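# I'd like to go over a predicted model; first the sequence, then the structure.
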Amino acid sequence: MGLTYVQSIYIKRGLVIQNQIFNQYVNDALVRVAVKIEEEAAFKMLNRPSLEKIYDKVQSSNGSCGISLQYQNGLILLDVEKENESFSFVGTTLSEIDSLVKLADLGEEIETELTGGLLEGYNELLEDLTMQFLYGNTSSPSYDSAQIHNFLSFELDRIAINTPFDFALMDGYTFRQFFSTFKKLNSVSQNNAFKTSIHTSPLSGDHAILIVDFPKKRSFLLKSNSELLSSSFIFILLIATSFGASIFIIFKQKKLSALKTDFINNMTHELKTPVATISLATQMLNKEKVRQDETKIQNYVAIIGDENKRLGTHIERVLQIAQLDKDNLNLSKDLVDIHKLLEDTLSKFKLQFADADAQITRSLIAENFSVKADRAHLSSVFSNLLDNSIKYKQAGDLHLDIKTQNKLNQLIIQITDNGIGMSNDDQKKIFTKFYRVPTGNVHNVKGFGLGLSYVKTILEAHHGGISVKSELNKYTTFIVKLPITK
């Protein structure tokens, strides 16, 4: 959250700076557009018909009398040719030039030509220009909206601002609109828009106001900073994802640690019980009275043997799980008849079934029941499932229903019992290592929470799978899927 806050401040400041640069570039572009419009207005004024007539009059005077009048570096230069002679006059004003010509006494004809022709023409030209600059154009100025739009587009393209814009031209005093592309031009839009003055007659003070607005300015600025924004968003998302994953892993490890602690306590108890029984039976065998009774000797030896097997089974299960953790599972696959394997596994549980008053129903209707698998591991898989049915049975008789069927290219084995069942939450967790369905303060069911995890791992190693359906205090069905070998 702190990183996101700091990054958001950085992005906001970046957008503020980008906005300031945008405003500066637009204002500079508008100044250049105003200069172009003023130059265009000045060009139109200097090319009026009245001025053209005066200029023609001056030029005709130059051609007929061999007189040349020039203006250079603030000085007026007059060159006159008379009877193969050249005369040059330099002055700062036309009156000064006129006086110099009279002093030179070039003759009445040339003086009349200069005074009535050339100098008079230039005087008229200067007077006309002076009046235009002082009083401006008495008629309403004419502006070409298409030309102004072209000026704006050209200048904005130069500074890489290619977002749509609206513009309007208004009289600087009356605020009368000459033309506008705004849908609605009010005081709010005028205050938010960019403005520049266009002086069509600088000395008289006549001027117009050019208003330009960018309706998609914000989206343009965001698009201009898209690389910065997207990279910041991606990095923040990665960091947030990593943080979330870390929290998830921490809680998962904490939960796994608790499960391992329960497993170690349970395993210690399970291993300690047969060891204590073997130790007690050994002590009894060392007694003289027991040695003299052959029946008691055989009884204690049988107890030691049973407890030794029980201890070996526990150790074997722990070793199997250790091998699975190291991905060191070596499968010896052969063609296995699943129907026969199920019958063999059921026969191993005859005594347990008899003790549980079990009623077994078989419905082995699969036509293809041969799979390529490790017989020993598959036998352990079915043994674990049958053992769970016995462990978690309800009071009364145990009913087992075993079915096989083919579906697509799979062999489906269903083992259903009428046991205590489990909740939906437990169904999602029972294949997790070390997980055992909680039974409150009653610990009459022994185990490590490794059996179903082992079952799932073995079936997945055979490219199969397992799922469960259950309802509390009603039933539990384990569904085993294995690929068929044709």
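Looks like it came in fine. From a predicted model like this one, the values you see are computed outputs, not experimental measurements.

# hey, let's count contacts and neighbours off CA atoms from now on
Noted.

# now the helices for the stretch 51-200 of the chain?
94-104, 108-113, 119-135, 145-158, 187-192 (DSSP state H, counting those that start in this stretch).

# If you count neighbours, what's buried in the fourth one?
Buried positions in helix 145-158, judged by neighbour count with 16 or more other CA atoms under 10 Å: 145, 148, 151-153, 155-156.

# Kindly format the C-alpha coordinates of that helix as PDB.
Output in PDB follows, covering the C-alpha atoms of helix 145-158 (Å, rounded to 0.1, in the frame of the first residue of the first chain):
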ATOM      1  CA  SER A 145     -11.400  29.900 -40.900                       C
ATOM      2  CA  ALA A 146     -10.000  27.100 -43.100                       C
ATOM      3  CA  GLN A 147      -6.700  28.900 -43.400                       C
ATOM      4  CA  ILE A 148      -6.500  29.400 -39.600                       C
ATOM      5  CA  HIS A 149      -7.400  25.700 -39.000                       C
ATOM      6  CA  ASN A 150      -4.500  24.800 -41.300                       C
ATOM      7  CA  PHE A 151      -2.200  27.100 -39.400                       C
ATOM      8  CA  LEU A 152      -3.200  25.500 -36.100                       C
ATOM      9  CA  SER A 153      -2.900  21.900 -37.400                       C
ATOM     10  CA  PHE A 154       0.600  22.600 -38.900                       C
ATOM     11  CA  GLU A 155       1.900  24.200 -35.700                       C
ATOM     12  CA  LEU A 156       0.400  21.500 -33.400                       C
ATOM     13  CA  ASP A 157       1.800  18.700 -35.600                       C
ATOM     14  CA  ARG A 158       5.200  20.300 -35.300                       C
END
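
# pretty sure N473 contacts I420?
Yes: contact between N473 and I420 holds when scored by CA atoms under 8 Å: they sit 4.3 Å apart.

# shared neighbours, these two?
Here N473 and I420 have Q394 as joint contacts, going by CA atoms under 8 Å, 6 or more residues apart in numbering.

# that older thread, output the buried residues of helix 145-158 as TSV; include the columns distance to D293 and pLDDT.
Shown next, in TSV, are the buried residues of helix 145-158 (distance: CA to CA, whole Å; pLDDT from 0 to 100):
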residue	distance to D293	pLDDT
S145	126	84
I148	125	88
F151	122	90
L152	119	91
S153	117	91
E155	118	90
L156	114	91
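
# any idea which of these is closest to V35?
Proximity of the buried residues of helix 145-158 to V35 was ranked by CA to CA; the top entry is F151 with 10.4 Å.

# Surely the closest one is in contact with V33?
Yes: assessed by CA under 8 Å, F151 is found in contact with V33 at 5.9 Å.

# give me the number of residues near the residue lying closest to S86 once chain neighbours are set aside?
Among residues not flanking S86 along the chain, V80 sits closest, at 5.7 Å (CA to CA, 6 or more residues apart in numbering). Residues lying near V80 (other CA atoms under 10 Å) number 19.

# and if you look at Y143?
By other CA under 10 Å, neighbour count at Y143 equals 14.

# Can you check what pLDDT the model gives the residue lying closest to it once chain neighbours are set aside?
In space, and not counting its chain neighbours, Y143 is closest to F178: 7.8 Å by CA to CA, 6+ apart. Looking at F178, its pLDDT stands at 84.
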